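1. The sequence and its predicted three-dimensional model are supplied below.
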Amino acid sequence: MKIEGKEYRTIWFENNVVKIIDQTKLPHQFVIKELKTVNDAINAIKVMEVRGAPLIGGTAAYGLALAVQENNDPEFIKKSAKELIQSRPTAINLKWAVDRMIKKLTGINSDQLLSIALNEAKEICDEDEKFCENIGINGLKVIEEIYNKKKDTVNILTHCNAGWLATINWGTATSPIYHAHKKGIPVHVWVDETRPRNQGANLTSYELNEEEIPNTIIADNTGGILMQRGEVDMCIVGTDRTLSNGDVCNKIGTYLKALAAHDNNVPFYVALPSSTIDWDTKDAKDIPIEERNSEELSHVEGIDENNKIKKVLIYPTKSKVMNLAFDVTPAKYVTRLITERGISEASFEGLKKLFK
Ligand code: MRU
């Protein structure tokens, strides 16, 4: 998608380094960062220079290729794979991508290892782009249906950033929106700010602006009253891990939005590529929920009058602070899942029909 009119993907390999858009600097600065070692990739995932389930999967895949480039000793590759998987705990795409890389590299001669690792990492990223495009084509039908009834702007609420910046391209939740916009359907997006890291305000609104899609940032608690007033036609969010029973783990606050949508008969859609489905974990209580640094809550970051990024403390210094990064929305509150293979019920039966 576009930034200042120029097409980008979120990650690519060039001149023996991996290049990423540093998301910790957006929306105030556009910085392309180079990852030269597997440790650079691990750090980029941990500090969220790259974030969003599909993109951290893609970064982990390239991270493993960087490990091979550094030192193709099997023990080093094994250790790197483990550290990549542990760099963030909740999104299943990380493990999925690293496992796929290891499977591909097993039994390969050392002289071919690097080219195969680089090809597979590119393949993982290309596939994600295609899957997200298909999510858009499938989700477009839902937006079109609402528009055909309403004959007026479709108001869509989204949480966090499940946009192209969270994937390789297109996004998950945003892909149907981009497709609708390209087709000339008038859409307007209510963007949840998404405290504490403000991925909605900093990233979703930014990328929608760059694609000229009308959007309004709202405080996270505003969605409820907008739904009561009939100002939300549908919600679409992404997910970091969806269980085979249709339970959806996503950015903290998603659950509360789903409850409000349920109470107000607003359809609540979750968009995901199949790499985000966790077929093994049976109980949502077993999903590891990331707890991040309390500074993300107690401090806010912005630019000062000299265009310098500045961080300031906003809480009482003596207060205890807790920063859980994800929650789980039970399947019963999810209207449908939008995947690359089609739209399914949020249930094992529904998913099984699409993914045999
Ligand atoms: O902590 P983040 O910013 O990585 O969380 C991202 C989300 O919760 C997204 O909604 C999810 O990864 C889906 S991305 C297409």
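-> Now that the structure is in, tell me what you want to look at. Residues are numbered from 1 along each chain as shown.
2. So which bits of the stretch 251-356 of the chain are right by the ligand?
-> Residues of the stretch 251-356 of the chain found near the ligand, taking CB under 6 Å from any ligand atom as the criterion, are 251, 325. Every residue, glycine included, has its C-beta placed from N, CA and C.
3. measure stretch 220-233 end to end?
-> End-to-end distance of stretch 220-233 (CA to CA, to the nearest Å): 17 Å.
4. For that stretch, which residues meet the burial criterion?
-> If you call a residue buried by 16 or more other CB atoms under 10 Å, then stretch 220-233 has these buried ones: 220, 223, 224, 226, 227, 232, 233.
5. which stretches of the chain form helices?
-> Listed from the start of the chain, the chain has helices (DSSP state H) covering 38-46, 53-70, 74-85, 93-105, 110-150, 174-182, 199, 205-210, 223-228, 254-263, 295-298, 348-354.
6. Residue 157 is nearest to which of those helices?
-> Shortest distance between residue 157 and the helices of the chain, using CB to CB, is found for helix 223-228: 5.6 Å.
7. same for that closest one, what does it pack against?
-> strand 154-158, strand 187-192, helix 254-263 (3 or more CB pairs under 8 Å, 6 or more residues apart in numbering; DSSP states H and E).
8. Packed most tightly, which of those would that be?
-> Neighbour counts averaged per stretch over the helices and strands packed on helix 223-228 are highest for strand 154-158, at a mean of 25; criterion: mean count of other CB atoms under 10 Å.
9. can you redo the helices and strands packed on helix 223-228 as JSON lines with distance to residue 176 and mean pLDDT?
-> Written out in JSON lines, the entries for those read as follows (distance: least, CB to CB, whole Å; pLDDT from 0 to 100):
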{"stretch": "strand 154-158", "distance to residue 176": "8", "mean pLDDT": "99"}
{"stretch": "strand 187-192", "distance to residue 176": "9", "mean pLDDT": "99"}
{"stretch": "helix 254-263", "distance to residue 176": "16", "mean pLDDT": "98"}
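10. show me the residues around the closest residue to the ligand within the stretch 201-350 of the chain that make contact.
-> Proximity of the stretch 201-350 of the chain to the ligand (CB to the nearest ligand atom) peaks at residue 238, 2.7 Å away. The neighbourhood of residue 238, defined by CB atoms under 8 Å, 6 or more residues apart in numbering, consists of 52, 53, 160, 162, 166, 171, 172, 173, 250, 270, 271, 272.
11. burial measure for residue 111, as a count.
-> 8 (other CB atoms under 10 Å).
12. Phi first, then psi, for the residue positioned nearest the centre of the chain.
-> With distances taken as CA atoms, centre = their mean, residue 52 lies nearest the centre of the chain, 2.9 Å away. Main-chain torsions, residue 52, degrees, to the nearest 10: phi 90, psi 130.
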